[in-house]
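>>> sequence plus the predicted model coming up.
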Amino acid sequence: MRCAPALLQAVVPGSRLAGRVILQEAAPGDVLVADNGGRLDESCVGDLVVLEAQAAGLAGIVIWGLHRDTSDIRAIGLPVISLGAIPTGPQRLDSRPDGALERATVGDWTVDREDLVLADDDGVLFVPSAVAADVFTLAETIRDTEARQAERMRGGISLRNQVQFDTYLADRQRMPSLTFRDHLREVGGAIEV
């Protein structure tokens with residue numbers, strides 16, 4: 001699992017999307033990933049591209065770069081995630097790099113059709129489809145653990161008590177190498193692996 005840079009934000013807060021990465025030959029439910037090198041001096045996607053993506057049945061667009069036509073994109077309603085907006089379109093006509101329609105770079109990561117895109121207000125994740133079922137199972141476990149912890153907190157049991165934080169501090173005195181994550185695994189409060 002790879003996390004895109006935190007600077008990527010949804011054009012419409014609250015947008016969510018999930019689908020397979022595509023760069024060409026889209027199928028309904030796929031997510032277009034547009035790699036404009038993270039450039040901040042030009043946009044590479046505007047309302048017409050978003051309309052075309054919507055007409056093709058795509059789940060949304062992730063842009064490693066900027067968009068334009070923000071109010072029109074909001075009205076279209078297709079989830080679009082980018083580094084921000086600028087009114088200018090492309091400022092140059094570079095030759096297309098080899099493999100540009102087979103893979104895209106987003107931050108430090110290269111993605112292709114073997115990846116899934118998941119995005120919400122917290123950011124964008126790329127998950128290799130080969131391990132997606134395992135990642136989803138783990139995510140459900142974390143969600144359920146946190147839901148139980150939150151419910152117990154609403155019932156008056158602090159998180160410190162639930163995770164036996166005082167026990168952790170005492171154990172850490174005896175074993176300075178003990179990490180909080182290790183302690184959480186021992187008491188069943190782990191929400192991460």
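Yes, it's here. Residues are numbered from 1 along each chain as shown.
>>> and for R154, the neighbour number?
Residues lying near R154 (other CB atoms under 10 Å) number 8. Glycine gets a C-beta too; all of them are placed from N, C-alpha and C.
>>> wait, T88 touches R68, no?
Yes: the pair T88 / R68 is scored as a contact, 7.3 Å apart, by CB atoms under 8 Å.
>>> and for the two, which residues touch both?
S43 (CB atoms under 8 Å, 6 or more residues apart in numbering).
>>> would you map the helices across this protein?
Counting by DSSP state H, the segments of the chain that form helices are 47-55, 70-76, 132-154, 159-162, 165-174, 180-187.
>>> output those helices as JSON lines; include the columns mean pLDDT.
Formatted as JSON lines, those follow (pLDDT from 0 to 100):
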{"stretch": "helix 47-55", "mean pLDDT": "97"}
{"stretch": "helix 70-76", "mean pLDDT": "98"}
{"stretch": "helix 132-154", "mean pLDDT": "92"}
{"stretch": "helix 159-162", "mean pLDDT": "92"}
{"stretch": "helix 165-174", "mean pLDDT": "94"}
{"stretch": "helix 180-187", "mean pLDDT": "89"}
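>>> before we move on, back to that, who has more neighbours, T88 and R68?
R68 (19 against 10).
>>> residues in contact with that one?
Residues S43, V45, G46, D47, A85, I86, P87, T88, G89 are the ones in contact with R68 under the rule CB under 8 Å, 6+ apart.
>>> which one of the residues you listed is nearest T167?
In terms of CB to CB, no member of the contacts of R68 lies closer to T167 than A85, at 50.3 Å.
>>> for the closest residue in space to the closest one that isn't next to it in sequence, the count of nearby residues, please.
With CB to CB, 6 or more residues apart in numbering as the measure, T70 is the residue that lies nearest to A85, at 4.9 Å, once sequence neighbours are left out. T70: 19 surrounding residues under other CB under 10 Å.
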